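Asker: Provide a 3D model corresponding to the input given below.
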Amino acid sequence: MDAKRGDYCCCVVRRTNMSYFVPPCNYGMVEYDLSRSGQCHQLNFPFLERHNLKTVIYLSYDEPSQPFLSFLEDQGIDLIRPSPELAELHSQASSMSEAEVLSALQVILSSQYYPLHVMCNFGHHRTGTVIGCLRKLQGWNLTAIFEEYRRYAGSKVRFLNEQFIELFDTDLVRIPVDHPNWL
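Answerer: Residues are numbered from 1 along each chain as shown. Down below sits the predicted model:
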């Protein structure tokens, strides 16, 4: 339990040849070669390194830490962040905009970015909303989508995010030709 925030971090620590592999908080596999989490710290770098990531989508508008940026550069991992135009929209709203979700989904649905990791500050709201909309696009029922969202959000559930997912129009999503096999 993180005493500062009062949340639980579900982290499994594995030790191999005197090395520790600690996943980031709220880490989870979404689909093959697609994972999610909250912000990554130096302790998590060996774990992420084993995933041979090609791309990280960073859904937060704050600056990633310098050690994280250095890790991405050292590993040759591309970082995708929301565009400045979307940042202006974010400052006017408390939840994600449709444009932000559609932008993230365009990357997630294109195999050229895989293996791919999606993250935000704590892996609760922004990541949960995008993954919830992906699940809706996959044809999951709302009960299953909300159960997954709530599992990662814990006591921090935002009903506006659930409403956004419920009302999200999947017809707005352009499915690329090179989409992953699981779609």
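
Asker: going forward, measure contacts between C-alpha atoms and count neighbours the same way
Answerer: Noted.

Asker: Would you point out the helix or strand in this structure whose mean pLDDT is lowest?
Answerer: Within the chain, no helix or strand scores below strand 14-16, which has a mean of 52 by mean pLDDT, DSSP states H and E.

Asker: I'd like the distance between the spatially most central residue of the chain and residue 129.
Answerer: Residue closest to the mean C-alpha point of the chain, counted by C-alpha atoms, centre = their mean, is residue 118 at 2.8 Å. Remark: distance between residue 118 and residue 129 (C-alpha to C-alpha, to the nearest Å) = 11 Å.

Asker: ok so, going back, can you name the residues bridging to the residue nearest to the centre of the chain?
Answerer: Taking DSSP bridges as the rule, residue 118 bridges to residue 36, residue 57.

Asker: From what I see, it and residue 53 are in contact.
Answerer: No: between residue 118 and residue 53 there is no contact under C-alpha atoms under 8 Å: 10.8 Å.

Asker: Helices of the protein, start to end?
Answerer: Here the chain has its helices, by DSSP state H, at 45-49, 66-75, 84-91, 98-108, 125-137, 142-153, 159-167.

Asker: Please convert the ones you listed to TSV, extending it with mean neighbour count, mean pLDDT and distance to residue 21.
Answerer: Formatted as TSV, these follow (neighbours: other C-alpha atoms under 10 Å; pLDDT from 0 to 100; distance: least, C-alpha to C-alpha, whole Å):
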stretch	mean neighbour count	mean pLDDT	distance to residue 21
helix 45-49	17	95	5
helix 66-75	14	97	15
helix 84-91	13	61	33
helix 98-108	18	95	25
helix 125-137	24	96	22
helix 142-153	17	96	20
helix 159-167	16	94	32
